[in-house]
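Peer 1: Model the following, please.
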Amino acid sequence: MARNSIKLLTSDVHCGLAELVAKRLGLKLTELNIKRDSCGEVSFAINESVRDEDIYIIMQVGSGVVNDRVIELLIMINACKTASARRITAVIPNFPYARQDRKDKSRAPITAKLMADMLTTAGCDHVITMDLHASQIQGFFDVPVDNLYAEPSVVRYIKENVDFSNAIIVSPDAGGAKRAAGLADRLDLNFALIHKERARANEVSRMVLVGDVTDKICLIVDDMADTCGTLAKAAEILLENNAKSVVAIVTHGILSGNAIKNINNSKLDRVVCTNTVPFEEKLELCPKLDTIDISGVLAEGIRRLHNGESVSYLFRNAPL
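Peer 2: Residues are numbered from 1 along each chain as shown. As a prediction, the model looks like this:
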């Protein structure tokens, strides 16, 4: 085997995205031996040499099992480090704890910073992620971070699946206005904004629409959908203001709690998520769900990083 070749590793849970990335790169996933004890502890061994190799560990973090996947990722990184890997890159499409990026109340942790410290301490040399909830998280690391964007893939999806000549981009909150404006510029569309007031976490009490959506196909864009309560209420507000239809497009479909029930009972025509978070089993429960495959973006990012090429091309272009 050639020196400094690529080796792809992933957990034995939610390995669908890693398999797609491996297929695009023309590689096989490295064989691993993962055992989980009855008490919940994980033991891990690599079944082939990784000495002086470039290691890319692809880890999908899904709802409900975040902490388990984080610990497995740290163990895998450390196993590669102690096995004398040349460089270890953690490919984490949906960065865990990204919403805890600042100290917003007394005695609250900045858990995103803790995640960065744990990854680097375990032996991570580089991180590839996608659509960070807060871009400043890149500054929490002492190692390079490539934050890729789903926007080019979203633009392609809209052009192929939506009558975007009669569409308008909608941001569900003020924080996403920049994202919505950027997408609207790419598609030469207008955009509207929904101002929301929260009574408590994950619960929206009041929404106000800013902009005209009359007879328009409304494309709500956001970086993540958790319980989908915000999206459901946004769809109601838009239709009350004479919108033609409402489609939600989000990067990270976390879809936790009552998300599927909320989507099925909502007035949303479609909820489109990328496959950064595994939700294959939820597709069967919700006919309104659709998927954008971003394995090509991750595969091209890995290829460019391995060959020492710039990844900035991927900020504006989606690989075929």
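Peer 1: so where do the strands sit in the protein?
Peer 2: 6-10, 32-36, 42-46, 54-58, 87-92, 126-130, 145-148, 167-171, 191-200, 203-210, 217-225, 245-253, 270-274, 289-292 (DSSP state E).
Peer 1: Nearest to residue 105 among these would be which one?
Peer 2: Nearest to residue 105, of all the strands of the chain, is strand 191-200, at 13.3 Å by Cβ to Cβ. Every residue, glycine included, has its C-beta placed from N, CA and C.
Peer 1: before we move on, the earlier item: output the strands of the chain in a markdown table; the columns should cover mean pLDDT, mean neighbour count and distance to residue 115.
Peer 2: Putting the strands of the chain into a markdown table (pLDDT from 0 to 100; neighbours: other Cβ atoms under 10 Å; distance: least, Cβ to Cβ, whole Å) gives the following:
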| stretch | mean pLDDT | mean neighbour count | distance to residue 115 |
| --- | --- | --- | --- |
| strand 6-10 | 96 | 22 | 19 |
| strand 32-36 | 91 | 13 | 21 |
| strand 42-46 | 91 | 14 | 18 |
| strand 54-58 | 97 | 25 | 15 |
| strand 87-92 | 97 | 24 | 9 |
| strand 126-130 | 97 | 21 | 10 |
| strand 145-148 | 97 | 20 | 12 |
| strand 167-171 | 96 | 26 | 27 |
| strand 191-200 | 78 | 15 | 24 |
| strand 203-210 | 75 | 14 | 26 |
| strand 217-225 | 95 | 23 | 16 |
| strand 245-253 | 96 | 25 | 15 |
| strand 270-274 | 96 | 23 | 21 |
| strand 289-292 | 96 | 18 | 25 |
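Peer 1: Now distance to residue 74 too, for those, in TSV please.
Peer 2: Shown next, in TSV, are the strands of the chain (distance: least, Cβ to Cβ, whole Å):
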stretch	distance to residue 74
strand 6-10	13
strand 32-36	14
strand 42-46	10
strand 54-58	10
strand 87-92	9
strand 126-130	13
strand 145-148	17
strand 167-171	35
strand 191-200	32
strand 203-210	33
strand 217-225	23
strand 245-253	21
strand 270-274	25
strand 289-292	29
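Peer 1: May I ask which helix or strand of the chain has the lowest mean pLDDT?
Peer 2: strand 203-210 (a mean of 75; mean pLDDT, DSSP states H and E).
Peer 1: Tell me if I'm right that residue 295 and residue 17 touch.
Peer 2: Yes. In this structure, residue 295 is within contact of residue 17 by Cβ atoms under 8 Å, at 5.9 Å.
Peer 1: which neighbours do these two share?
Peer 2: residue 275 (Cβ atoms under 8 Å, 6 or more residues apart in numbering).
Peer 1: So the chain: which segments form each domain?
Peer 2: For the chain, automatic domain parsing gives the domain ranges 6-149+295-315, 151-292.
Peer 1: Ends of the shortest one, what's the gap?
Peer 2: Translated: domain 151-292. Domain 151-292 has an end-to-end distance of 11 Å (Cα to Cα, to the nearest Å).
Peer 1: go on, the longest one?
Peer 2: Terminal residues of domain 6-149+295-315 lie 23 Å apart, using Cα to Cα.
Peer 1: mind checking how far the residue lying closest to residue 52 once chain neighbours are set aside is from residue 55?
Peer 2: Of all residues not flanking residue 52 in the chain, residue 86 sits nearest, at 4.8 Å (Cβ to Cβ, 6 or more residues apart in numbering). From residue 86 across to residue 55, the span is 8 Å (Cβ to Cβ, to the nearest Å).
Peer 1: Same question for residue 104.
Peer 2: Residue 104 sits at a distance of 36 Å from residue 55 (criterion: Cβ to Cβ).
Peer 1: do the same with residue 113
Peer 2: From residue 113 to residue 55 the distance is 24 Å (Cβ to Cβ).
Peer 1: now residue 117
Peer 2: Per Cβ to Cβ, residue 117 is found 20 Å from residue 55.
Peer 1: Residue 302 too?
Peer 2: Residue 302 is 11 Å from residue 55, by Cβ to Cβ.
Peer 1: what sits up against stretch 76-84?
Peer 2: 9, 11, 32, 44-46, 49-52, 55, 57, 59, 88, 90, 119, 122-124.
Peer 1: how about the closest residue in space to residue 247 that isn't next to it in sequence, what does it touch?
Peer 2: Excluding the flanking residues, the one nearest residue 247 by Cβ to Cβ, 6+ apart is residue 270, at 4.7 Å. Residue 270 sits next to 247-248, 288-290 when contact means Cβ under 8 Å, 6+ apart.
Peer 1: In these, find the pair that's most separated.
Peer 2: Taking Cβ to Cβ, no two of the contacts of residue 270 sit farther apart than 247 and 289, at 11.7 Å.
Peer 1: joint contacts of the two?
Peer 2: 270-272.
Peer 1: Show me what residue 148 is bridged to.
Peer 2: With DSSP bridges as the criterion, residue 148 is bridged to residue 130.
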